[in-house]
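[1] model the following, please.
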Amino acid sequence: MRENLWTRCDSCGKFVYSNDIIDSGYVCPHCGFHFHISAAERLATLFDGGKYDVVDDGIFPLDFLEFVDTQSYAQRLEDHQKETSLPEAVVNAVGMMGGIRVIVSALDFGFMGGSMGSVVGEKVTRAAERALKERIPLIIVSCSGGARMQEGALSLMQMAKVSGAIARLDQAAVPFVSVLADPTSGGVTASFAMQGDINIAEPDAFILFAGDRVVDQTIKEKIPKGFQHAEFIRDHGFLDDVVPRKELRPHIIRALRLFLNRPG
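    Prediction:
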């Protein structure tokens, strides 16, 4: 996006000056379409002054199963590490939001579709454990294609591991805010993404466990139009709110102040 002077919106098709999109938080000024943003860009929009400290960054994935499809999993990991300059598909960061110390786990869709393998599960778990130890709120921003198929059952095990860490936060009354960006799917949706004390999504975010064709073939019924989009899911009680990106930071800060009983 930053390499080109103009960007064409994926939704309305209009060409927009790239700097205008950046200034609007990567949202189309014409139709409100929310572009994908990297984990680093996401963190910069949330923390006070865009300042934060990255933690748990010395963990790297391994090709335990020596998985090969059109190329080896080891090569895919290497390619995505070079493309994103990230060791894995999630970044953990600690900093201040509205004067409140928090830890944020932000998934990066650019790294293998933000898929959850063993290292992603470990890092999200460590974020929850740090939140519990320091008694600071946890915020997870999900943007993921689900569990990573190249790690087989090892990726599915992360659902239980992260869910256990989230449960311990709940028992200790440490706030957990879950943000669902486009898309949030599969094992991520089926575990921590829907387990927040509040679950909020960006507008028109695609949120699902399985694709509509799979659901249609499974239940043998005609599924409603748009049933896997944030607004439909909110209207049917599975989300607390749908919040535009520009309003996301103040919305979370307000929620945290209510949780912590701190005046604005």
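[2] after whatever helix or strand residue 41 lives in comes which helix or strand?
    Element membership for residue 41, per DSSP states H and E: helix 39-46. Scanning forward in sequence from helix 39-46 by DSSP H and E, the next helix or strand is strand 53-55.
[3] average pLDDT for the helix holding residue 41, rounded please.
    In this model, helix 39-46 carries a mean pLDDT of 96.
[4] just the buried positions in it, please.
    Within helix 39-46, the residues that count as buried by 16 or more other CB atoms under 10 Å are 39-43, 45-46. Bear in mind the C-beta positions are built from the backbone N, C-alpha and C, glycine included.
[5] also stretch 257-264?
    For stretch 257-264, burial by neighbour count (16+ other CB under 10 Å) applies to residue 259.
[6] got the contact list for that stretch?
    Stretch 257-264 is contacted by residues 98, 100, 137, 175, 197, 254, 256 when judged by CB atoms under 8 Å, 6 or more residues apart in numbering.
[7] mind checking which of these are buried?
    For the contacts of stretch 257-264, buried by 16+ other CB under 10 Å: 98, 100, 137, 175, 197, 256.
[8] what's the farthest-apart pair in the residues you listed?
    98 and 197 (16.8 Å; CB to CB).
[9] in contact with the residue positioned nearest the centre of the chain, which residues?
    Nearest residue to the geometric centre of the chain (CA atoms, centre = their mean): residue 142, 1.5 Å. Residue 142 is in contact with 107, 114, 178-181, 184, 188-189, 192-193, counting by CB under 8 Å, 6+ apart.
[10] before we move on, the earlier item: CA atoms of the helix holding residue 41 as PDB?
    The C-alpha coordinates for helix 39-46 follow below in PDB (Å, rounded to 0.1, in the frame of the first residue of the first chain):
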ATOM      1  CA  ALA A  39       0.400  -6.500  13.700                       C
ATOM      2  CA  ALA A  40       2.900  -3.600  14.100                       C
ATOM      3  CA  GLU A  41       0.400  -1.200  12.600                       C
ATOM      4  CA  ARG A  42      -2.400  -2.500  14.800                       C
ATOM      5  CA  LEU A  43      -0.300  -2.100  18.000                       C
ATOM      6  CA  ALA A  44       0.600   1.400  17.000                       C
ATOM      7  CA  THR A  45      -3.100   2.400  16.800                       C
ATOM      8  CA  LEU A  46      -3.900   1.000  20.300                       C
END
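[11] can you pull out the residues in contact with that helix?
    Applying CB under 8 Å, 6+ apart, the contact partners of helix 39-46 are 25-26, 37, 50, 52, 86, 90-91, 93, 95, 97, 104, 106-108, 139, 141, 181, 245, 248-249, 252.
[12] now the strands for the stretch 151-264 of the chain?
    Remark: strands assigned in the stretch 151-264 of the chain by DSSP state E, counting those that start in this stretch are 176-184, 198-201, 241-242.
[13] so what secondary structure elements neighbour the last one?
    To tie it back to what came earlier, the one meant is strand 241-242. When contacts are defined as 3 or more CB pairs under 8 Å, 6 or more residues apart in numbering; DSSP states H and E, strand 241-242 packs onto strand 198-201, helix 230-235.
[14] a markdown table please, covering the strands of the stretch 151-264 of the chain and showing distance to residue 167.
    Shown next, in a markdown table, are these (distance: least, CB to CB, whole Å):
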| stretch | distance to residue 167 |
| --- | --- |
| strand 176-184 | 10 |
| strand 198-201 | 16 |
| strand 241-242 | 23 |
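[15] tell me where the model's unsure across this protein.
    1-3, 264 (pLDDT under 70).
[16] looking at it, which residue lies furthest from center?
    residue 220 (31.0 Å).
[17] from residue 211, how far off is that one?
    Going from residue 220 to residue 211 by CB to CB, to the nearest Å gives 16 Å.
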